[in-house]
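Q: the following block contains a protein sequence and its predicted model.
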Amino acid sequence: MLWLRADPLRERGLLPVEPLPGRVAHVDITKQFLPGVGVLCGTLAGLRQEASPQQQGSGEELFFAVNLSGRSAALQRQREISVKDGEAVLLSGANGGFSVVRPTPVRFVGLRMSQKRLAPLSRGLDDRAVYPLSHAPEPAVIDSPET
């Protein structure tokens, strides 16, 4: 069994993690810091990540998570979204907190960024609780600022 201490994980900029009852927790993450964004990739299993409004900075940040493989559940404002292989979810810390549950191994890529910095570059980004993004038959088009 892997014992997790939350303080060292928070020092690395990760959301606090809590092992799930009856599961073996696994954390294998690499994080890179770029100007204005944290990029995470790795594998998580047997745990819940929590973002609360009381945590430093989480209230003004966006969290974008892509499941490369595995299944997760994202919960915010009484809404639960299932995230499967190749799907993603965009969560806002401005909505009173959220959690992501990963009972079985999930390989993922995640971005953590300021909502204030991203808002001028995006159209329709508001305080909705959860933005699920799933497989699309056509390539996604990302808006860019007009020049």
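A: Cool, got the structure. All values reported here derive from a predicted model rather than from experimental measurement.
Q: pLDDT below threshold where in this structure?
A: 1-14, 53-59, 95, 118-147 (pLDDT under 70).
Q: the same query, at a cut-off of 90, please.
A: For the chain, applying pLDDT under 90 flags the ranges 1-17, 31, 33-38, 50-64, 75-81, 89-99, 112-147.
Q: surely residue 94 and residue 77 touch.
A: No - in this structure residue 94 lies outside contact range of residue 77 using CB atoms under 8 Å: 11.1 Å. Where you see a C-beta, it was placed from the backbone N, CA and C, and this is true even at glycine.
Q: neighbour count winner among those two?
A: A direct count of neighbours by other CB atoms under 10 Å for residue 94 and residue 77 places residue 94 higher, at 17 against 12.
Q: wait, a strand at the more buried one?
A: No - secondary structure of residue 94 (DSSP: H, G, I helix; E, B strand; the rest coil): helix, not part of a strand.
Q: compute the distance between it and residue 73, please.
A: Per CB to CB, to the nearest Å, residue 94 is found 21 Å from residue 73.
Q: now residue 106
A: Residue 106 is 10 Å from residue 73, by CB to CB.
Q: who has more neighbours, these two?
A: residue 106 (24 against 15).
Q: which strand residues bridge that one?
A: Applying DSSP bridges to residue 106 gives these bridge partners: residue 44.
Q: please enumerate the helices of this structure.
A: 6-11, 115-118 (DSSP state H).
Q: what's the last one packed up against?
A: I take that to be helix 115-118. strand 61-69 (3 or more CB pairs under 8 Å, 6 or more residues apart in numbering; DSSP states H and E).
Q: which residues are contacting the strand it packs on?
A: With contacts defined as CB atoms under 8 Å, 6 or more residues apart in numbering, strand 61-69 is touched by 15, 51, 72, 74, 83-93, 98, 100, 105-115, 118.
Q: buried members of those into ChimeraX, please.
A: Of those, the buried ones go into a single ChimeraX selection, burial set by 16 or more other CB atoms under 10 Å:
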select :15,51,72,74,83,87,88,89,90,91,92,93,98,100,106,107,108,110,111,112,113,115,118
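Q: go through the contacts of strand 61-69 and flag which are in strands.
A: Among the contacts of strand 61-69, the members found in strands (DSSP state E) are 51, 72, 74, 83, 88-92, 98, 100, 106-114.
Q: endpoint to endpoint, stretch 21-41 covers what distance?
A: Criterion CA to CA, to the nearest Å; first-to-last residue distance in stretch 21-41 is 24 Å.
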